[in-house]
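[1] Test case, fold it:
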Amino acid sequence: MARNTDLADLAASILAAGSDDREGTGLDTAAWKACAGAGLTSLTDPETGGTLDDAAVLLEVAGAAAARLPLAETDLLAGWLARAAGLAVPDGPLAAVVTDATGGDRPAGAAGGALTGGGTHGGIGGGTDGGTGGVTGSGTVSAELTRVPWGRSLAAVVVLDGDRVLVLDAAAARVTEGVNLAEEPRDGLTLDAVTPTATGTAPAAAATELTLRAALARSLLLAGAARGALAASVAYAGERTQFGRPIGRFQAVQQMLAEAGSEVAAASAASAAATSTAQRAGFAAAETAFAVAAAKARCSEAATAVARIAHQVHGAIGFTREHALRLVTTRLWAWRDEDGTEAYWNDRVGAAALAAGADGLWPLVTGRP
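    Numbers count the residues shown, from 1 in each chain. Predicted coordinates:
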């Protein structure tokens, strides 16, 4: 993946101000407005001329800066789902939710929920009574959505429910606030008899693609956060003195930092490879599913090692709420389990390897026939 350094510099300059706010937990509205004004919230929209590679650069920078922004949720997930269903993408922060009724093999802990309160499943205000609930004959829908990222700050929620996509106005929702380990919002949203602002037909295998897109985005954020933790550790090791010299000059500390550096390199390489594969082959390709699974598993593994080493290097001060290190390490701990744990994706790597067989394993691993 060729790194767009101009984009990385632009994103870093916008997100730098927010990284100084160590007590903020909700949406960074100033950074969101700046990102939206610079076109960074819709990089994968074909009309912007951006690419998945560009979005990857942005997410790595956002991870390193511990940005309080739903960049992946808005662009790679909700924005993609709306466009794929032929719907206009709403302005503002967005999130995508796959209802439990949609089915499929989805990671535990992902945003979900159900549509309730009616019987018309074929379309808004019409269609065949599928008996599954969701949209009433009057065209309204009720919903109970769980663990919605940034739910309290969203403009809209794009919901995949079976073979249909609905855009719901988040302002109409009652919010039950929740957070992940990094204090990022993971909220419950309740909507009673609201009229969707738009509806459309879901693309084929939409739930599977959303799962892969979310895992890839989380891998990139993890790679960025790991890089941020490493940079903070190297800087601190050069400043903190013990026995008359910086602790970074002690061989034991150097070895720990070198180990963390190798983990960051592995995470960056795995997430970059998955991005390049998805950009070239598309998310429907088996090679993309394998590359994304490998990337999320490897980045989650790196998150554990890098966070451990970062706190070892920083000592007690790194565990305090006042210190900035926790902003990246708590994200490493939270994100390693979100959108599929290391075990979840390693299981899929193993299943793909077994399915490929002896003759297909090498091409699967190398991406070459």
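[2] contacts and neighbour counts: CA atoms only from here.
    OK.
[3] Check residue 169 and give its pLDDT.
    Residue 169 is assigned 98 on the pLDDT scale.
[4] Please point out which parts of stretch 257-274 sit buried.
    257, 260-261, 263-274 (16 or more other CA atoms under 10 Å).
[5] Could you check how far residue 294 is from residue 349?
    Using CA to CA, to the nearest Å, one obtains 6 Å as the distance from residue 294 to residue 349.
[6] more crowded one of those two?
    It is residue 294, of residue 294 and residue 349, that has more neighbours when counted by other CA atoms under 10 Å, with 27 against 21.
[7] And the helices in the stretch 251-369 of the chain?
    251-281, 286-314, 325-335, 342-366 (DSSP state H, counting those that start in this stretch).
[8] Next, the angle from the first one to helix 286-314.
    In this case it means helix 251-281. 160 degrees (axes from the mean of the first three to the mean of the last three CA atoms, to 10 degrees).
[9] Then the third one?
    Orientation of helix 325-335 against helix 286-314 (the same axes, to 10 degrees) gives an angle of 150 degrees.
[10] Count the neighbours of residue 285 for me.
    Using other CA under 10 Å, residue 285 is surrounded by 12 other residues.
[11] how much space between it and residue 274?
    Going from residue 285 to residue 274 by CA to CA gives 12 Å.
[12] What is the neighbour count of residue 231?
    Using other CA under 10 Å, residue 231 is surrounded by 16 other residues.
[13] just checking, what packs against the helix or strand that contains it?
    In this assignment (DSSP states H and E), residue 231 forms part of helix 206-239. Here helix 206-239 touches helix 52-64, strand 245-246, helix 251-281, helix 286-314, helix 325-335, going by 3 or more CA pairs under 8 Å, 6 or more residues apart in numbering; DSSP states H and E.
[14] now for those, which one comes closest to residue 168?
    Shortest distance between residue 168 and the helices and strands packed on helix 206-239, using CA to CA, is found for helix 52-64: 25.0 Å.
[15] Can you tell me what sits against the helix or strand just after the closest one?
    Using DSSP H and E, the helix or strand that follows helix 52-64 in sequence is helix 71-72. The set of residues external to helix 71-72 that reach it, using CA atoms under 8 Å, 6 or more residues apart in numbering, is 41, 59, 93, 214, 217.
[16] do the same with stretch 223-243
    So stretch 223-243 is contacted by 59-66, 246-249, 253, 257, 260-261, 264, 267-268, 271, 299, 302-303, 306-307, 310, 313-314, 325, 328-329, 331-332 (CA under 8 Å, 6+ apart).
[17] Quick one: buried ones out of those residues?
    59-66, 247-248, 253, 257, 260-261, 264, 267-268, 271, 299, 302-303, 306-307, 310, 313-314, 325, 328-329, 331-332.
[18] Do a quick rundown of the helices in the stretch 1-150 of the chain.
    Applying DSSP H, counting those that start in this stretch to the stretch 1-150 of the chain gives helices spanning 5-19, 29-37, 52-64, 71-72, 80-84.
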